[in-house]
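> Sequence first, then the predicted structure:
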Amino acid sequence: MEVKAECIPCLVDVRCREVIKVLDDSSEACKVCIEIIQRFSELIKETRHTTKIATELYRLVRRRLGVDPYRGEKKEANKWALEVLSKALEVIDESDDPFERFNIAVKLSLIGNAIDLGVSGYTFNLSGLDSAFQSIKLDIDDVATAYKLAKKVSTILYVCDNAGEIVLDRLLIREFKKLGAEVIVAVRSEPYQNDATMEDAEESGITDDVDEVIAVGDCTYIAPEVLSKDALEIFKNAELIVLKGMANYENLENLQRIRKKGYLLLLRAKCNPIAKSLEVDRGGYVAKLV
């Protein structure tokens, strides 16, 4: 996705907040924040792709800080999601209708996408997410069509987004498995913001639910040129690819260089540029087949 005017302060603000979280309001923090601004000025001349810029700026932050600034929050998000998992399973198991179970699982996985620490000006409260289980409505609802497609396919690639959210992704993956599909999950190989890594995959229990877990790099930028040969083959051959979250949606044009269609986008539109591109209100939930 191409950088919009509103993306510019967001890209810089999120990275500077990470620095201040670790270094406080110190002279070193100021130095690194200035370096972030300078690096952004260089990157915007090289590319207008949001996730590519975000990736390079985060790599700079990690080099300067030497730590994962989101480690504590990711642990908290996983803990909360694991605590509500049994309740969520009960909600699904109340229905004997396969489509209704699938529909509920999609919505619960979307509730998980509300857990995001990487969007400037966006906040959430873990305790407040419990009530959303009962009230969530989709602004784009392709769930019925996605269900029909899921019944026909034999392989699904599920590209995860955030820690915490990955726990609730298990609910939808369970329904995919019941429909007979082999499910491969993709996570980050190294920490990037609060995105799910291999460590989060193990902590969440999702490794017990799927056929394979693969790592697709240390960055939010996914494109043919950055994927390993094996990962690229999986993207080519999976009959359905589930893309969770805004960043994976922002990568859609890149991924369409691998294959044009067969994507299920599951996300909450947490910022204006994303909401406008999808023609939904900010904060709206989306289940869209492409």
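Okay, I see it.

> I'd guessed residue 29 sits against residue 19; true?
Yes. Counting by C-beta atoms under 8 Å, residue 29 touches residue 19, with 5.2 Å between them. Backbone N, C-alpha and C define where each C-beta goes, glycine included.

> Show me which of the two is the more surrounded one.
Applying other C-beta atoms under 10 Å to residue 29 and residue 19 shows that residue 19 carries more neighbours, namely 23 against 18.

> Name the residue closest to the centre of this structure, please.
The geometric centre of the chain, computed from its C-alpha atoms, lies nearest to residue 161 (C-alpha atoms, centre = their mean), at 2.2 Å.

> tell me the contacts of that one?
Contact analysis of residue 161 by C-beta atoms under 8 Å, 6 or more residues apart in numbering lists 113, 116, 195, 196, 244, 245, 247, 248, 267.

> Can you read off the pLDDT for it?
Residue 161 is assigned 95 on the pLDDT scale.

> Now flag whichever of the contacts of residue 161 is closest to residue 218.
Nearest to residue 218, judged by C-beta to C-beta, of those is residue 195 at 9.6 Å.

> That closest one - nearest residue in space that isn't next to it in sequence?
residue 188 (4.9 Å; C-beta to C-beta, 6 or more residues apart in numbering).

> thinking again about what came up before, which members of the contacts of residue 161 are positioned in strands?
Within the contacts of residue 161, residues falling in strands by DSSP state E are 244, 267.

> Same list (the contacts of residue 161) but as TSV, adding pLDDT, neighbour count and distance to residue 273.
Converted to TSV, these look like this (pLDDT from 0 to 100; neighbours: other C-beta atoms under 10 Å; distance: C-beta to C-beta, whole Å):
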residue	pLDDT	neighbour count	distance to residue 273
113	85	23	17
116	53	25	15
195	94	28	20
196	96	30	23
244	97	26	18
245	95	25	15
247	94	28	12
248	95	24	15
267	97	25	13
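
> Closest one of the contacts of residue 161 to residue 286?
For these, the residue nearest residue 286 by C-beta to C-beta is residue 267; the value is 5.3 Å.

> my read: the closest one touches residue 245, true?
Yes. Under the criterion of C-beta under 8 Å, residue 267 makes contact with residue 245 at 5.3 Å.

> Pull up the overlap in contacts between those two.
With C-beta under 8 Å, 6+ apart as the test, residue 267 and residue 245 both reach 113, 161.

> tell me the secondary structure for the closest residue to residue 247 other than its chain neighbours?
Distances taken as C-beta to C-beta, 6+ apart place residue 220 nearest to residue 247, at 4.5 Å, with adjacent residues excluded. Three-state call for residue 220 (DSSP: H, G, I helix; E, B strand; the rest coil): coil.
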